[in-house]
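Student: Fold the stuff below for me.
(chains A, B, C and D)
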2 protein chains.
Amino acid sequence: MARIASRDFDTADRLHSAAIHLLRRLRREDTATGLAPARLSALSVLVFGGPMNLTALAAAEQVQPPTMTKVVQALEVGGLVRREADAADRRGSTLIATARGRRILEEGRRRRVTRLAEELQALPASEHAILEEAAAILERLGGGGPRLGGGRRTGATR
Amino acid sequence: MARIASRDFDTADRLHSAAIHLLRRLRREDTATGLAPARLSALSVLVFGGPMNLTALAAAEQVQPPTMTKVVQALEVGGLVRREADAADRRGSTLIATARGRRILEEGRRRRVTRLAEELQALPASEHAILEEAAAILERLGGGGPRLGGGRRTGATR
DNA sequence: AACTTTAGTTAGCCTTGCTAACTAGTTTAT
DNA sequence: ATAAACTAGTTAGCAAGGCTAACTAAAGTT
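Tutor: Model (predicted):
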């Protein structure tokens, strides 16, 4: 419990608030995918992070396994994800995004990110550069941080 | 539908992802308040935005009125919000955070933001400055943007 | 007075999160 | 080699938070 400088506190407060409002705006674009948020996000991990088992996916999404069981089941029913048995360990299986899953995700990602990208276009180059650097810093902040074995995620949309 | 430069797209993608991961981490601190996220957020609007009716609160939270009805009812039961009849218009009432509501919110906000502030402390001043500027840019991006009558929010934690 | 609009609620649904308790494989230790 | 312990995943059951549709009641308009 180190003492926190008020400047850190202020910046944290504003970043926090900005992140909340940003995501609220972007989330509206997701409705066009026809996929609920948790499903979209899990699918994204499979598309960008590659095949993995349910436990790993739950950890990546920071939810408990039973929660992920339901999400994956819905994705399977929708034909967006399939399971492949692992001969070496028959307790579980590997989850893989189907071609359809990849396509839908890619379209959704384009819509969502396009919305933000349109906003970015209006910015002068100097401000754009700041946001670019900020994204990199924030990614490191979390990744190098406390819990979660999440150093190996690639360019996930999520 | 202007053409989007791929640089805008990439930055948008990374910002989006960074925002998601940031909020996931911070949300964990909220459990200590004993309040579920939507309740905490609605209470925050009442504390920082001042008294308002249910419709205005729903709009501020970007949810539909029936959703806010439930959230407010829970806050009332917990003694964190009270209603005051408006003599001029008896259809609705004004929602006001109680002293207890304000105290709980303030404690929660401190915990949550402190978590992020601790992470910020580890950064060199140059990176801290970038995040500070980024927060300001993002606030403007949304505020000056499309919908929502949200120009008048003060320093809301949410 | 009749119509329209606005504020809010109720009912009923779905999704997403949790914990507890379980099955079924795998690994470790005796 | 068998018992014990651990790991992967599911089921059951609950709560929160989101929605739409349909309603009541008050206010405002014609």
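Student: Alpha carbons of stretch A:118-127, as PDB, please.
Tutor: Extracted C-alpha coordinates of stretch A:118-127, given in PDB (Å, rounded to 0.1, in the frame of the first residue of the first chain):
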ATOM      1  CA  GLU A 118     -13.700   7.300 -37.900                       C
ATOM      2  CA  GLU A 119     -13.400   9.200 -34.700                       C
ATOM      3  CA  LEU A 120      -9.600   9.000 -34.900                       C
ATOM      4  CA  GLN A 121      -9.600  10.400 -38.400                       C
ATOM      5  CA  ALA A 122     -10.800  13.700 -37.100                       C
ATOM      6  CA  LEU A 123      -7.800  14.000 -34.800                       C
ATOM      7  CA  PRO A 124      -4.600  15.800 -35.700                       C
ATOM      8  CA  ALA A 125      -1.600  13.500 -36.200                       C
ATOM      9  CA  SER A 126      -0.100  14.600 -32.900                       C
ATOM     10  CA  GLU A 127      -3.100  13.400 -30.900                       C
END
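Student: Any part of it near chain B?
Tutor: Yes. Under the criterion of C-beta under 8 Å from any C-beta of the partner chain, chain B is reached by stretch A:118-127 at A:118, A:119, A:120, A:121, A:123, A:127. All C-beta spots, glycine's among them, are computed from the backbone N, C-alpha and C.
Student: Now that stretch: buried residues?
Tutor: A:118, A:119, A:120, A:123, A:127 (16 or more other C-beta atoms under 10 Å in any protein chain shown).
Student: again with stretch A:58-75
Tutor: Buried, per 16+ other C-beta under 10 Å, within stretch A:58-75: A:58, A:59, A:60, A:61, A:63, A:68, A:71, A:72, A:74, A:75.
Student: Tabulate the residues you listed in a markdown table, adding columns for pLDDT and secondary structure.
Tutor: Listed next are the buried residues of stretch A:58-75 as a markdown table, based on pLDDT from 0 to 100; DSSP: H, G, I helix; E, B strand; the rest coil:
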| residue | pLDDT | secondary structure |
| --- | --- | --- |
| A:58 | 97 | helix |
| A:59 | 95 | helix |
| A:60 | 93 | helix |
| A:61 | 90 | helix |
| A:63 | 93 | coil |
| A:68 | 98 | helix |
| A:71 | 98 | helix |
| A:72 | 98 | helix |
| A:74 | 97 | helix |
| A:75 | 98 | helix |
